[in-house]
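Trainee: Model the structure of this input:
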Amino acid sequence: MTTFTILLFMVLSYLIGSIPFGLLIAKTQGKDIRNLGSGNIGATNVLRCLGKPLGITCFILDVLKGFLPAFLFPTLGTGGATWGILFGAAAILGHNFPVFLKFKGGKGVATSAGVLLGAAPFAVVIGLLTWGIVFYLSGYVSLGSIIAALVVVLTGWVLLGQYGLLTALALTLLGGLTIWRHRSNIQRLRNGTENKFQRKEKY
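Mentor: Numbering: from 1, shown residues only. Okay, here's the model as predicted:
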């Protein structure tokens, strides 16, 4: 893979990641998601403020933003999983710091899941299972995301022989970025003020 090809795919990955699907979906309803709920453009806030169909749509699109660069670009440039992680990281940076929104974006959880699905699918399966269990037991999306990020990092190192050192390091950086982007959520969890999804009682 030539230097030009790498730079081209990095830029394209960042621009794909910068597409603010949450904002665009909310605009179709005549609303600005940045003025609703937590103000975040990610799928969780869309789900909470605009309902399940739009929230799920946003989640799928945000996942694709990470999956396509991580899975497709290495194939086009004859690269391996490590290149997929690298291009996917550029997409995550685009989601978190989008050029179209003055570098104020989401937390990158769905896009990170897409990256892992494209470059390290087993790690994302473990991460998604972890997220689902923690969310079901606690009701906190953020707590599930934080613990899932830690589990994905651990998976990368446990399977070091399969993924290689560079991929394990890349997974560690992605996990660290996800947790850092949740620092305000961590503070609210500690204070007991974090938003929690409540299950509807059946009568």
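Trainee: In this protein, where is pLDDT below threshold?
Mentor: 77-81, 198-203 (pLDDT under 70).
Trainee: which residue is nearest the middle of it?
Mentor: Against the mean C-alpha coordinate of the chain, by Cα atoms, centre = their mean, the closest residue is Val109 at 2.4 Å.
Trainee: helices and strands around the longest helix seen in the chain, which ones?
Mentor: Longest helix in the chain by number of residues (criterion: DSSP state H): helix 52-76. Under the contact definition 3 or more Cβ pairs under 8 Å, 6 or more residues apart in numbering; DSSP states H and E, helix 52-76 sits against helix 3-17, helix 21-27, helix 43-50, helix 81-96, helix 109-119. All C-beta spots, glycine's among them, are computed from the backbone N, C-alpha and C.
Trainee: Out of those helices, the one nearest Phe67 is which?
Mentor: helix 109-119 (3.7 Å; Cβ to Cβ).
Trainee: residues contacting His182?
Mentor: Lys107, Ser142, Ser145, Ile146 (Cβ atoms under 8 Å, 6 or more residues apart in numbering).
Trainee: The last one and Thr155: what is the separation?
Mentor: When distances are taken as Cβ to Cβ, to the nearest Å, Ile146 and Thr155 turn out to be 15 Å apart.
Trainee: Enumerate the positions of the longest helix of the chain that are buried.
Mentor: Across helix 52-76, burial judged by 16 or more other Cβ atoms under 10 Å covers 54-55, 57-59, 61-71, 73-74.
Trainee: Stretch 130-147 now?
Mentor: Neighbour count says stretch 130-147 has 130-131, 134-135, 138, 140-147 buried, by 16+ other Cβ under 10 Å.
Trainee: Between those, which sits nearest Val11?
Mentor: The closest of the buried residues of stretch 130-147, once distances to Val11 are taken by Cβ to Cβ, is Ser145, at 27.4 Å.
Trainee: Am I right that the closest one is in contact with Gly108?
Mentor: No: counting by Cβ atoms under 8 Å, Ser145 stays clear of Gly108, with 9.4 Å between them.
Trainee: Pull up the overlap in contacts between those two.
Mentor: What both Ser145 and Gly108 touch, as defined by Cβ under 8 Å, 6+ apart, is the set Thr178.
Trainee: Just tell me which of the helices and strands packed on helix 52-76 ends up closest to Leu189.
Mentor: Of the helices and strands packed on helix 52-76, nearest to Leu189 by Cβ to Cβ is helix 43-50, at 14.5 Å.
Trainee: Give me the angle between the closest one and helix 109-119.
Mentor: 130 degrees (axes from the mean of the first three to the mean of the last three Cα atoms, to 10 degrees).
Trainee: and helix 43-50, how far out from the chain's middle?
Mentor: Counting by Cα atoms, centre = their mean, to the nearest Å, helix 43-50 is centred 15 Å from the centre of its parent chain.
Trainee: what does stretch 35-49 give?
Mentor: 15 Å.
Trainee: And stretch 155-168, by the same measure?
Mentor: So, by Cα atoms, centre = their mean, the centroid of stretch 155-168 is 20 Å from its chain's centroid.
Trainee: mind listing what's buried in that stretch?
Mentor: Thr155, Gly156, Leu159, Tyr163, Thr167, Ala168.
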